[in-house]
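>>> Build me a structure from this.
(one chain, ligands or ions: 1)
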Amino acid sequence: MYLPFLCSMRDSLFDQSHVHFDSLLLAVGFGTVSYFVFKLSETHSPLHLAVLLIAIPSALSFSVQQHFSSIFLSICFIFSTYFFTLVTCIVVYRLSPWHPLGNYPGPVLCKLSKLWMAFVSQQGRQHIYLWRLHQKYGDIVRVGPNELSIQNAGSILPVLGGSELPKGPWFDGRYPEDAAARSLISLRNTKEHATRRRPWNQAFSSTALKEYEPLINARTSQLAGALGQQSNSVNLTKWIFYFAYDMMSDFIFGGATEMMRDGDVGGLWPMLEEAQKTGLLFSHVPWFGQLLFRTPFLAGNRRRMIACSTQFARNRKARRPIHKDLFYYLYNEGGTISNPPTEAEAFADSLLAISGGADTSASTVVNLFYLLLSNPMTYRRLRAEIDRHEDRALDFAEQSRMPYLNAVINETLRLLPPVPSGSPRATTSETGGRMLGTHYIPPNTALAVHIFSVHRDPRNFSFPETFLPERWLSEEDKKVLEPSLLDRHDFIHNISAFHPFSVGPSGCVGKNFAYLEMRMLVSKILVKFDLRFADGFDERKYKRGMKDFFTMALEPLMVQLTPR
Ligand code: HEM
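Below is the predicted model of the structure:
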């Protein structure tokens with residue numbers, strides 16, 4: 001029945017009555033060669049793409065046009081055969097057992113292309129998706145053609161520790177290729193990273209941290225004052241994010257925003273959130289990111305954010321603040337940095353400092369209050385500890401010794417780490433392959449420790465999905481509080497699996513600052529207010545609305561505050 005139809009199709013396609021296999025072979029042959037060129041060169045250069053994807057099939061179409069009844073048919077035939085061959089080669093190789101990651105399990109869509117993870121990431125649910133993949137496939141899952149996700153605690157130090165594994169290709173999409181410099185976190189050369197990290201280390205030395213205490217005190221008091229003026233229910237997410245941006249602008253630029261006072265007049269917060277979301281898309285598919293960076297309208301929010309933080313840094317250069325800030329070190333104003341960053345490098349770091357410093361601490365504290373209000377006994381215990389300390393509860397040194405306060409913060413970081421999907425590394429041709437336990441990781445493989453899954457692995461923490469700050473207490477304190485639950489001889493608390501700040505030479509440089517800030521913020525709010533969820537607040541909607549865009553985006557946490 002179909003034969004006459006196919007014959008008529010063939011006759012309309014070709015001048016001659018027989019299929020011209022030369023044209024077919026030519027397109028298949030060149031399609032296969034192009035595949036090998038792509039595979040060996042990994043090229044994303046627009047010129048190469050234009051040659052391989054447009055010029056070659058176009059030239060072929062013209063060279064065989066005499067066999068077709070029109071040039072249009074020649075182009076359709078050659079382009080479809082050429083692209084079909086290219087895609088088939090890619091699919092067959094990526095799904096084949098002779099692919100270097102062929103032995104690792106994972107969903108077919110992930111093995112085929114990173115476009116799938118890019119799509120998942122835009123819903124903000126990649127942390128949940130990866131967690132489910134680990135539950136289904138085990139400790140090592142193939143989440144991209146050349147990428148693995150890891151949830152085994154024993155692999156944390158070999159991947160992130162001092163093994164000198166550089167950052168992964170994931171970071172290539174976050175900055176335009178024509179940018180004058182990249183931020184510290186996205187430097188893929190470990191030596192360059194170590195040099196650029198020096199001023200940051202000085203900015204977070206224990207002496208420097210002491211000098212930031214008055215800033216933290218002033219901004220936390222300002223927040224408490226602002227919250228005290230709200231009459232109805234309060235969007236705690238908004239206020240704590242405003243606080244965090246003002247806090248960071250003091251710390252980084254000696255002051256640049258006044259969001260708690262004036263509101264978000266410049267739209268900084270939504271701009272940053274959008275830029276993080278776009279950044280994640282570009283990270284999963286760096287070549288696509290670079291393509292969009294060349295299209296100003298499409299990568300607009302990321303470019304705007306880079307421009308905005310650069311402007312803050314320029315303004316900071318024009319005036320010297322009265323206290324030392326991060327730019328005091330990045331601009332080497334004290335003359336203590338032997339190889340200081342260039343101006344372009346310092347500008348690039350300004351965006352990292354805002355997003356890395358504000359979103360992370362803010363989302364932790366908002367989530368902490370969410371968990372506290374969902375667990376009244378924990379709330380009562382924390383309040384009791386703070387009240388017991390009276391005036392000393394607002395002393396930085398004392399706070400570092402308050403066991404329950406620190407336990408609640410750590411438990412929040414365990415259950416809801418603010419960088420849930422971690423910061424990817426890669427083996428390269430220079431590092432060669434690596435062994436992770438019994439698994440061989442071949443060269444040129446991207447790999448990330450999925451810290452959200454590690455923290456929820458019952459092999460590391462008993463009752464992993466339960467908010468249980470008591471697990472962080474000393475044996476003595478535990479006995480007083482939860483003898484039945486925590487006294488069990490099989491209760492697991494594997495502290496070496498707890499890494500919300502990552503670890504190693506690229507681990508979070510702001511960790512100690514973050515603890516100072518979070519302890520003071522939580523204590524001050526609890527000293528000044530009684531809190532409860534606002535009437536009608538939907539806890540499940542809030543939980544479902546937590547989004548992983550590398551850092552976390554949160555729904556409004558609506559609370560009712562009563563001054564104490
Ligand atoms: C709860 C608060 C915070 C958490 C959980 C957190 C977590 C992280 C994580 C997971 C990384 C990736 C490290 C890696 O690549 O291995 C990171 C990097 C970084 N964080 Fe934080 N962070 C927090 C607060 C801060 C603060 C307050 C600052 C201050 C500005 C900051 C500055 C940085 C910087 C500069 C990097 C890049 C470090 C490098 O590449 O050498 N972070 N952070």
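>>> and the residue lying closest to Glu345 once chain neighbours are set aside, how many residues sit next to it?
Spatial nearest neighbour of Glu345, chain neighbours left out: Ala181 (4.2 Å); criterion: Cβ to Cβ, 6 or more residues apart in numbering. All C-beta atoms are positioned from the backbone trio N, CA, C, and that covers glycine. Residues within reach of Ala181, counting by other Cβ atoms under 10 Å, total 18.
>>> if I pick Ala181, what's in contact with it?
Contact partners of Ala181, counting by Cβ atoms under 8 Å, 6 or more residues apart in numbering, are 341-342, 344-345, 347-348.
>>> For these, could you give me JSON lines that also reports secondary structure, pLDDT and neighbour count?
Shown next, in JSON lines, are the contacts of Ala181 (DSSP: H, G, I helix; E, B strand; the rest coil; pLDDT from 0 to 100; neighbours: other Cβ atoms under 10 Å):
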{"residue": "Pro341", "secondary structure": "coil", "pLDDT": "92", "neighbour count": "22"}
{"residue": "Thr342", "secondary structure": "coil", "pLDDT": "93", "neighbour count": "11"}
{"residue": "Ala344", "secondary structure": "helix", "pLDDT": "91", "neighbour count": "13"}
{"residue": "Glu345", "secondary structure": "helix", "pLDDT": "93", "neighbour count": "20"}
{"residue": "Phe347", "secondary structure": "helix", "pLDDT": "90", "neighbour count": "24"}
{"residue": "Ala348", "secondary structure": "helix", "pLDDT": "91", "neighbour count": "26"}
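>>> and of the residues you listed, the nearest to the ligand?
Closest approach between the contacts of Ala181 and the ligand, by Cβ to the nearest ligand atom: Ala348, at 11.3 Å.
>>> thinking the closest one is in contact with Ile185, fair?
No. If you go by Cβ atoms under 8 Å, Ala348 and Ile185 don't touch, sitting 9.9 Å apart.
>>> In a markdown table, list the contacts of Ala181 along with distance to Ile354.
Below are the contacts of Ala181 laid out as a markdown table (distance: Cβ to Cβ, whole Å):
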| residue | distance to Ile354 |
| --- | --- |
| Pro341 | 17 |
| Thr342 | 20 |
| Ala344 | 17 |
| Glu345 | 16 |
| Phe347 | 12 |
| Ala348 | 12 |
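>>> So which of those reach the ligand?
Here nothing survives when the contacts of Ala181 are matched to the ligand using Cβ under 6 Å from any ligand atom.
>>> tell me the average confidence for stretch 224-232?
Averaging pLDDT along stretch 224-232 gives 92.
>>> nope, stretch 290-309 is what I meant
76.
>>> Please give me every residue in contact with the residue of the stretch 451-564 of the chain found nearest the ligand.
Nearest residue of the stretch 451-564 of the chain to the ligand: Gly510, at 2.2 Å (Cβ to the nearest ligand atom). Gly510 makes contact with 204, 356-357, 360 under the criterion Cβ under 8 Å, 6+ apart.
>>> Give me the three-state assignment for the closest residue to Lys547 other than its chain neighbours.
Closest residue in space to Lys547, ignoring its immediate chain neighbours: Gly124 at 2.8 Å, by Cβ to Cβ, 6+ apart. Gly124 carries the three-state label coil when classified by DSSP: H, G, I helix; E, B strand; the rest coil.
>>> can you tell me the residue of the stretch 1-150 of the chain closest to the ligand?
Closest to the ligand within the stretch 1-150 of the chain is His127: 12.7 Å, counting by Cβ to the nearest ligand atom.
>>> State the distance from that residue to Leu148.
His127 is 16 Å from Leu148, where distance means Cβ to Cβ, to the nearest Å.
>>> okay, and the helix or strand of the protein with the least pLDDT?
Sorting the helices and strands of the chain by mean pLDDT, DSSP states H and E puts helix 2-13 at the bottom, at a mean of 49.
>>> Against which helices or strands is the next helix or strand after it packed?
Per DSSP states H and E, helix 2-13 leads on to helix 21-41 as the next helix or strand towards the C-terminus. Where contact means 3 or more Cβ pairs under 8 Å, 6 or more residues apart in numbering; DSSP states H and E, helix 21-41 is packed against helix 56-63, helix 71-95.
>>> With mean pLDDT, mean neighbour count and distance to the ligand as extra columns, can I get the ones you listed in TSV?
Shown next, in TSV, are these (pLDDT from 0 to 100; neighbours: other Cβ atoms under 10 Å; distance: least, Cβ to the nearest ligand atom, whole Å):
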stretch	mean pLDDT	mean neighbour count	distance to the ligand
helix 56-63	89	17	40
helix 71-95	91	17	27
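>>> Can I get those in a markdown table including distance to Thr310?
Formatted as a markdown table, those follow (distance: least, Cβ to Cβ, whole Å):
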| stretch | distance to Thr310 |
| --- | --- |
| helix 56-63 | 40 |
| helix 71-95 | 39 |
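>>> out of those helices, which comes closest to Trp269?
Minimum separation from Trp269 across these (Cβ to Cβ) falls at helix 71-95, 39.5 Å.
>>> need the contact list for Ala194.
Going by Cβ under 8 Å, 6+ apart, Ala194 touches Pro505.
>>> What is the three-state secondary structure of it?
Following three-state DSSP, Ala194 is assigned to helix.
>>> phi, psi of Val285?
Val285 adopts backbone torsions of phi -130, psi 80, taken as degrees, to the nearest 10.
>>> so it makes contact with Leu115?
Yes. Using Cβ under 8 Å, Val285 is in contact with Leu115, at 6.1 Å.
>>> which one of these two has more residues nearby?
Per other Cβ under 10 Å, whichever of Val285 and Leu115 has more neighbours is Val285, with 21 against 15.
>>> Tell me, what's the model's pLDDT at that one?
Val285 carries a pLDDT value of 89.
>>> Near the ligand, which residues of the stretch 351-500 of the chain? Just list them.
Residues of the stretch 351-500 of the chain lying near the ligand by Cβ under 6 Å from any ligand atom: 352-353, 356-357, 360-361, 364, 418-419, 423, 500.
>>> how about TSV for those residues, with secondary structure, distance to His67 and pLDDT added?
Below are those laid out as TSV (DSSP: H, G, I helix; E, B strand; the rest coil; distance: Cβ to Cβ, whole Å; pLDDT from 0 to 100):
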residue	secondary structure	distance to His67	pLDDT
Leu352	helix	57	91
Ala353	helix	62	93
Gly356	helix	60	91
Gly357	helix	64	94
Thr360	helix	62	97
Ser361	helix	67	97
Thr364	helix	67	98
Pro418	coil	61	97
Val419	coil	58	97
Ser423	coil	54	92
Pro500	coil	64	98
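>>> filter these to the buried ones?
Neighbour-count burial (16 or more other Cβ atoms under 10 Å) applied to these gives 352-353, 356-357, 360-361, 364, 418-419, 423, 500.
>>> tell me which of those residues is nearest to Thr336?
Using Cβ to Cβ, Ala353 is the member of these that sits closest to Thr336, with 18.9 Å.
>>> quick revisit: turn the buried ones among the residues of the stretch 351-500 of the chain next to the ligand into CSV, columns for distance to Ala446.
Converted to CSV, these look like this (distance: Cβ to Cβ, whole Å):
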residue, distance to Ala446
Leu352, 20
Ala353, 25
Gly356, 21
Gly357, 26
Thr360, 23
Ser361, 28
Thr364, 27
Pro418, 22
Val419, 17
Ser423, 11
Pro500, 21
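>>> Between those, which sits nearest Arg456?
Among these, and counting by Cβ to Cβ, the member closest to Arg456 is Pro500, at 12.5 Å.
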